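In: Predicted model, plus sequence, below.
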Amino acid sequence: MENEENTKANEASSQIIEEEKAVHNKFENLAALSISLCMLLALSLGLLFYYQFYEGSGNWRFTLKHKANDTAFMASLTPQLQHLQAINDSLKKQKPDTVKIIQTVEIPAKVEETIPLNASNIYMPDPDKKYLVQIGAFKNFDLSRFQPGMENMEQLKVNGLNTITVGRFSTQKEAELFAKDIKTLGISSPIVAKLEGNNLVAVDKPVVTKSASIKKSTAKKSTAKKPVAKKSTSKKPTSAKKPVAKKPVKKKTTR
């Protein structure tokens, strides 16, 4: 009987000890979990504190004044944004009219060079001035086919002279080709010149056509030859024949 009671007492005590160990382990696990959560919370607060108040180079800012300044700046931009919105709305209303105006303007298909908008090449004819000076009339010659706006001649003040030029080109070769074509207008000696600042510098002699150059070359060759004495084709004057006096004929007398 005593042995049975001892075994029962030992089992009860061992069971109590195991229960106490289980409870102790639970408390240890809860403590570890709570410590981990506290450390994670502290790390989050530290990062938030760092990014909110640290300005770099060892400078810290512990006020919310910067945020207040940003709010005031955004409030000051509100009237400007409203003004820009009003301008945008007005442009949207004017867009159909603008498209109609653009469609009425005839634009060349290929424009090789942009024409600067200045007072020298913008020509606005006066409707009250109706008298013109015509310098030529041609059926198949049109200045505008060489370059847009070329039909309006340009006047430059160079060395006290009013120099009249027609067309502007990017290369000298293009200018020389046009100068040869313009001779059909009756301009005998067009000169290719280059605009350097406010000065107009001639870069070539007066342009001549191919036929004119051929005539000049043949003229030079003819003058280079030695003059050959031409044979005189005039006949020597013949001496006039003296008239021969006829002897008087005696008339026969009839008896």
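Out: Okay, I see it.
In: From now on I want contacts and neighbour counts done on CA atoms only, so please keep to that.
Out: Fine.
In: quick one: low-confidence ranges for the stretch 51-200 of the chain?
Out: 52, 54-71, 92-144, 146-155, 158, 198 (pLDDT under 70).
In: go again using 50 as the cut-off
Out: In the predicted model, the stretch 51-200 of the chain carries pLDDT under 50 at residues 102, 104-121.
In: Domains in this protein, by residue range?
Out: Domain ranges of the chain: 2-60, 66-105, 143-218, per automatic domain parsing.
In: what's the helix or strand where Glu4 lies packed up against?
Out: Per DSSP states H and E: Glu4 is located in helix 2-53. Identification of packing neighbours for helix 2-53 by 3 or more C-alpha pairs under 8 Å, 6 or more residues apart in numbering; DSSP states H and E yields no helix or strand.
In: Could you shift the numbering so residue one becomes 32, and keep it that way?
Out: Noted, 32 is the first residue going forward, which turns the last one into helix 33-84.
In: Checking my notes, Leu187 in a strand, right?
Out: Yes - the assignment for Leu187 (DSSP: H, G, I helix; E, B strand; the rest coil) places it in a strand.
In: Let me know how buried Lys225 is, in neighbour terms.
Out: Taking other C-alpha atoms under 10 Å as the criterion, the count of residues near Lys225 is 18.
In: Now do the SS call for it.
Out: For Lys225, the secondary-structure state derived from three-state DSSP is strand.
In: ok, what's across the strand from it?
Out: Val232 (DSSP bridges).
In: ok, now which ones touch it?
Out: Contacts for Lys225 (C-alpha atoms under 8 Å, 6 or more residues apart in numbering) come out as Leu231, Val232, Ala233, Val234.
In: So which of those residues is surrounded by the most neighbours?
Out: Leu231 (16 neighbours).
In: Tell me if I'm right that that one and Ile222 touch.
Out: No - with contact defined as C-alpha atoms under 8 Å, Leu231 does not reach Ile222; the gap is 10.9 Å.
In: Do you know the pLDDT at Cys69?
Out: For Cys69, the pLDDT comes out at 90.
In: Next, count neighbours for Glu207.
Out: 20.
In: quick check, it in a strand?
Out: No - read with three-state DSSP, Glu207 is helix and lies in no strand.
In: and it, how far is that from Gly198?
Out: In this view, Glu207 and Gly198 are 11 Å apart by C-alpha to C-alpha, to the nearest Å.
In: do Val232 as well
Out: Taking C-alpha to C-alpha, one finds Val232 at 16 Å from Gly198.
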